[in-house]
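S.K.: coords below, sequence missing:
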């Protein structure tokens with residue numbers, strides 16, 4: 001028995017020493033337990049009784065799956081395993097550093113990306129005249145939401161909605177009664193929130209109008225100010241005035257924009273208050289810090305609603321001189337008592353005062369606070385109507401102190417007749433005076449100006465849209481200009497309305513149904529234009545030669561071609577009839593040549609005299625005449641009808657902005673070069 005037991009123990013010990021490996025070892029990670037030193041059958045004593053074979057050479061043993069750590073270490077320390085492992089390690093380290101370095105280098109040489117307000121056109125809407133959703137004859141916020149697909153089809157990037165605040169709608173400069181409420185004509189705050197969400201769902205952005213200069217005389221602030229209630233006492237500009245023979249003698253000769261004195265006597269407070277516009281629109285006192293804080297809170301309110309930016313209107317009127325010095329007469333020999341028109345005085349004490357730009361920078365700081373969220377930059381534009389070009393450029397800010405992203409450029413809206421020289425003058429005036437690195441913009445219509453077609457004629461609608469969408473910067477279109485809508489004649493309206501604003505702008509013409517598809521109601525707040533049967537969206541969608549189809553083609557080209565979105569602009573020639581300019585970008589062997597005839601007759605143009613080494617034939621990429629699209633023209637003699645425009649495509653490596661003869665005629669806001677090999681833009685040109 002004892003002998004058999006000894007044999008069995010010996011066999012079991014032998015099996016432990018040479019057990020079979022089946023691909024894994026159970027419990028191999030469980031550490032061995034120290035044996036009980038008092039035990040008689042300890043592993044040490046058993047091992048001592050068994051002869052241990054001589055250890056084999058490491059190279060004679062092959063690695064196997066599940067080998068214990070002791071065996072694994074024997075193999076991993078060998079050179080043939082250690083060296084490749086170290087090589088792979090250092091290759092990984094070097095690759096990581098190279099990748100980091102390449103990323104830093106690409107970031108360092110990459111130009112700044114275009115922001116959303118630079119990447120495509122803006123589309124300005126007056127909501128009361130765009131689309132009526134509830135059959136009351138007034139356009140509203142829901143109506144805008146219904147037409148978002150149409151706006152997206154125009155390749156618009158930003159929707160700009162004019163004032164919709166609770167207001168008496170006086171002058172449409174908006175005597176606002178509550179800056180934080182939607183006027184019931186346009187809908188509710190919920191309608192606005194839904195519109196913002198829908199706009200963003202379409203990948204579009206929204207900016208809104210805001211006029212901080214004045215309120216309505218029905219605003220609670222004014223009602224409290226006229227009774228001298230608490231902090232509101234000095235929210236407006238009050239001064240004593242006298243009365244002689246029943247006539248109010250104002251404290252100064254300052255005039256309203258609409259004529260006559262800008263001072264109005266208030267029977268409640270027994271003082272005169274100042275108004276630069278209508279007497280129903282008293283000016284706020286921006287020298288009162290509490291007023292500035294109120295305005296900032298209003299800006300924050302709308303930004304928190306999801307608005308992507310503001311157009312600050314009438315900003316040059318925000319401050320007036322502290323004293324009440326009379327403004328200087330334009331005609332010094334004119335009898336002072338006969339001066340009633342705004343243009344009869346210089347307005348050195350009531351516009352663009354010292355401290356104005358500090359206030360605007362305060363607005364900018366709020367925008368910047370809300371721009372910290374990635375991808376949510378907040379845009380700021382300022383209206384600088386009737387300012388000199390030098391004063392307009394001041395709204396861009398200083399090199400290290402930003403104000404507006406751009407002041408709105410409405411100089412084209414002042415043209416009542418067209419010529420090549422007139423267009424050239426406006427373009428060069430802006431491009432030569434714009435601060436370095438700033439972004440231009442262009443608009444051909446707006447709520448305060450006669451429609452483009454009514455001012456210049458139907459024959460120029462296509463050439464002006466071609467100009468608008470091929471100039472450098474952001475194009476801005478007022479609703480209806482894309483289909484060539486005309487003004488209407490207005491009669492029998494209350495005299496408080498200003499005929500130079502929106503009253504000549506009939507509702508948007510959508511189709512040839514009743515009320516031009518604007519409203520299903522029995523009446524509309526303004527009559528529709530008599531030409532709506534032929535000038536409307538649905539008709540022009542089906543016409544290859546329509547203004548709408550050309551606008552869509554131009555805006556698509558603007559979206560797809562870097563030459564137009566961020567390339568160089570070279571204005572080559574302008575005469576009484578034509579304007580010629582190019583768009584080009586380093587690294588792209590293609591140039592667009594724009595040729596537009598703003599004259600009143602047929603023009604023959606020899607491009608060979610302007611640009612050397614041109615081919616005899618050039619392809620027409622787009623034309624105001626749809627039949628010419630894709631054809632070729634003879635560059636020695638390009639025939640242009642009145643109002644005709646061409647975009648010619650030229651393949652060349654010789655770019656004009658690199659030539660000394662054209663350097664003073666070429667401009668770029670953010671210089672960039674294109675690498676076709678890497679398909680990237682870089683700034684180290």
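M.R.: Nice, thanks for sending it over. As the structure is a prediction and not an experimental result, all values here were calculated from the model.
S.K.: which stretches of the stretch 451-600 of the chain form strands?
M.R.: For the stretch 451-600 of the chain, applying DSSP state E, counting those that start in this stretch gives strands covering 474-478, 568-574, 578-584, 591-597.
S.K.: Report the contact partners of the closest residue to residue 482 other than its chain neighbours.
M.R.: Excluding the flanking residues, the one nearest residue 482 by C-beta to C-beta, 6 or more residues apart in numbering is residue 551, at 4.3 Å. C-betas here are computed from N, CA, C, even on glycine. Listed by C-beta atoms under 8 Å, 6 or more residues apart in numbering, the contact set of residue 551 reads 154, 465, 469, 477, 482-483.
S.K.: in the stretch 201-350 of the chain, which spans are helices?
M.R.: 220-225, 289-304 (DSSP state H, counting those that start in this stretch).
S.K.: Quick check: buried residues in the longest one?
M.R.: Of the residues in helix 289-304, those scored as buried under the neighbour-count criterion (16 or more other C-beta atoms under 10 Å) are 291-292, 294-296, 298-299, 302-303.
S.K.: Redo those as a markdown table? Include distance to residue 506.
M.R.: A markdown table is the format used below for the buried residues of helix 289-304 (distance: C-beta to C-beta, whole Å):
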| residue | distance to residue 506 |
| --- | --- |
| 291 | 38 |
| 292 | 39 |
| 294 | 37 |
| 295 | 34 |
| 296 | 37 |
| 298 | 32 |
| 299 | 33 |
| 302 | 29 |
| 303 | 33 |
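S.K.: Reformat these as CSV; add pLDDT and distance to residue 362.
M.R.: Below are the buried residues of helix 289-304 laid out as CSV (pLDDT from 0 to 100; distance: C-beta to C-beta, whole Å):
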residue, pLDDT, distance to residue 362
291, 98, 12
292, 97, 7
294, 97, 12
295, 98, 9
296, 97, 7
298, 98, 13
299, 98, 10
302, 98, 16
303, 97, 14
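S.K.: Quick check, pLDDT for the residue nearest to residue 422 when sequence neighbours are not counted.
M.R.: Sequence neighbours aside, residue 415 is the residue nearest to residue 422 in space, at 5.9 Å (criterion: C-beta to C-beta, 6+ apart). Looking at residue 415, its pLDDT is 91.
S.K.: got any ranges where the stretch 251-400 of the chain has weak pLDDT?
M.R.: For the stretch 251-400 of the chain, no stretch has pLDDT under 70.
S.K.: From the contacts of residue 551, pick the one nearest residue 334.
M.R.: Proximity of these to residue 334 (C-beta to C-beta) peaks at residue 477, which lies at 41.4 Å.
S.K.: Ignoring the adjacent residues along the chain, who's closest to the closest one?
M.R.: Distance criterion C-beta to C-beta, 6+ apart; nearest residue to residue 477, sequence neighbours excluded, is residue 123 at 5.4 Å.
S.K.: How about residue 63?
M.R.: Using C-beta to C-beta, 6+ apart and skipping residues adjacent in sequence, the residue nearest residue 63 is residue 75, 5.4 Å away.
S.K.: what does residue 600 give?
M.R.: Among residues not flanking residue 600 along the chain, residue 642 sits closest, at 5.7 Å (C-beta to C-beta, 6+ apart).
S.K.: The one you found: what secondary structure?
M.R.: What DSSP: H, G, I helix; E, B strand; the rest coil gives for residue 642 is coil.
S.K.: so how far is residue 358 from it?
M.R.: Residue 642 is 49 Å from residue 358, where distance means C-beta to C-beta, to the nearest Å.
S.K.: Looking at the two, which is more packed in?
M.R.: residue 642 (17 against 12; other C-beta atoms under 10 Å).
S.K.: Does that one touch residue 597 like I think?
M.R.: Yes. Using C-beta atoms under 8 Å, residue 642 is in contact with residue 597, at 6.3 Å.
S.K.: Let me know the distance separating residue 467 from residue 68.
M.R.: 82 Å.
S.K.: out of those two, which sits in the busier spot?
M.R.: Higher neighbour count among residue 467 and residue 68: residue 467, with 23 against 9, using other C-beta under 10 Å.
S.K.: Now do the contacts for the more buried one.
M.R.: 423, 442, 444, 579, 594, 596, 645.
S.K.: would you list the residues you listed in JSON lines and tack on distance to residue 162 and pLDDT?
M.R.: Formatted as JSON lines, the contacts of residue 467 follow (distance: C-beta to C-beta, whole Å; pLDDT from 0 to 100):
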{"residue": "423", "distance to residue 162": "27", "pLDDT": "96"}
{"residue": "442", "distance to residue 162": "19", "pLDDT": "98"}
{"residue": "444", "distance to residue 162": "17", "pLDDT": "94"}
{"residue": "579", "distance to residue 162": "31", "pLDDT": "97"}
{"residue": "594", "distance to residue 162": "31", "pLDDT": "98"}
{"residue": "596", "distance to residue 162": "30", "pLDDT": "97"}
{"residue": "645", "distance to residue 162": "29", "pLDDT": "97"}
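S.K.: which one of those residues is nearest residue 395?
M.R.: Nearest to residue 395 among those, counting by C-beta to C-beta, is residue 442 at 15.9 Å.
S.K.: Would you mind measuring from that closest one to residue 417?
M.R.: Taking C-beta to C-beta, one finds residue 442 at 18 Å from residue 417.
S.K.: The two: which has the busier surroundings?
M.R.: residue 442 (25 against 10).
S.K.: what are the bridge partners for the more buried one, then?
M.R.: residue 475 (DSSP bridges).
S.K.: got the contact list for it?
M.R.: 409, 412, 467-468, 471, 473-476.
S.K.: how about JSON lines for the helices of the stretch 201-350 of the chain, with distance to residue 540 added?
M.R.: JSON lines is the format used below for these (distance: least, C-beta to C-beta, whole Å):
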{"stretch": "helix 220-225", "distance to residue 540": "46"}
{"stretch": "helix 289-304", "distance to residue 540": "34"}
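S.K.: that older thread, which one, of the strands of the stretch 451-600 of the chain, ends up nearest to residue 193?
M.R.: Taking C-beta to C-beta, strand 474-478 is the member of the strands of the stretch 451-600 of the chain nearest to residue 193, at 25.5 Å.
S.K.: what mean pLDDT does that closest one have?
M.R.: Here the average pLDDT along strand 474-478 is 98.
S.K.: same question, stretch 95-107
M.R.: Here the average pLDDT along stretch 95-107 is 89.
S.K.: same thing with stretch 135-145?
M.R.: 97.
S.K.: Tell me how far residue 327 lies from residue 490.
M.R.: For residue 327, the distance to residue 490 - C-beta to C-beta - is 32 Å.
S.K.: So if I had to pick from those two, which one is more boxed in?
M.R.: residue 327 (19 against 15).
S.K.: Double-check the more buried one against residue 344; I have them as touching.
M.R.: No. With contacts defined as C-beta under 8 Å, residue 327 does not count as touching residue 344, sitting 9.7 Å away.
S.K.: Mind listing the shared neighbours of the two?
M.R.: residue 255.
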